[in-house]
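*Asks:* Dropping a prediction and its sequence here:
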Amino acid sequence: MNELDKNGFSKNTVTIFKKLCSYVNANYDEIDFQNDDWYDKHIWTNDQEKEFEKWLNSYFKNNPETLKEYFNKEELEKDELKDLIEYFVFNYGWKTENDPVYIQRRKPKTKDKKMKTEEEMKKRN
């Protein structure tokens, strides 16, 4: 049986998540992965995301036991592996700078001011 770490992660998962953290200079041991929005605490670029996907692809190819652990298969077709990696990154990757949720959150609240200004103008007319 695989030994699990404090987060309940296997050795392979710890390796993957430590690599994920390295892209944003985050310390794996300081992240509370039980928190629902842990992945929302850091931002990475599209290039960093693509580099991680390449690394993860290589990791899965070079560690068949990881494929077995994650996908219950010892081999995957190239397109199938690519799709599963994209799914993994979508679910567990950091937010990207062009992520609509991130953009909305960092956007200044000028829209509210503009709306007030428009309302004030209507009142004046």
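*Replies:* All right, it came through fine. Residues are numbered from 1 along each chain as shown.

*Asks:* for this structure, which helix is longest?
*Replies:* Longest helix in the chain, counting residues (DSSP state H): helix 46-62.

*Asks:* contacts for it?
*Replies:* 15-16, 19-20, 23-24, 44, 66-67, 70, 76, 81-82, 85-86, 88-89, 93-94, 96-98 (Cβ atoms under 8 Å, 6 or more residues apart in numbering). C-betas here are computed from N, CA, C, even on glycine.

*Asks:* Buried ones among those?
*Replies:* 16, 20, 23, 44, 66-67, 70, 76, 81, 85, 88-89, 93-94, 96 (16 or more other Cβ atoms under 10 Å).

*Asks:* Check the residues you listed against residue 31 and report the nearest one.
*Replies:* Nearest to residue 31 out of the buried ones among the contacts of helix 46-62 is residue 20 (Cβ to Cβ; 9.7 Å).

*Asks:* That closest one against residue 91, yeah?
*Replies:* No: judged on Cβ atoms under 8 Å, residue 20 makes no contact with residue 91 at a distance of 11.6 Å.

*Asks:* Excluding sequence neighbours, find me the nearest residue to the residue nearest the centre of the chain.
*Replies:* When Cα atoms, centre = their mean is applied to the chain, the residue found nearest the centroid is residue 93 (1.2 Å). Nearest residue to residue 93 in three dimensions, chain neighbours excluded: residue 49, at 6.0 Å (Cβ to Cβ, 6 or more residues apart in numbering).

*Asks:* With residue 64 as the reference, measure out to the one you found.
*Replies:* Distance of residue 49 to residue 64, given as Cβ to Cβ, to the nearest Å: 25 Å.

*Asks:* Those two - which one has more neighbours?
*Replies:* residue 49 (18 against 12; other Cβ atoms under 10 Å).
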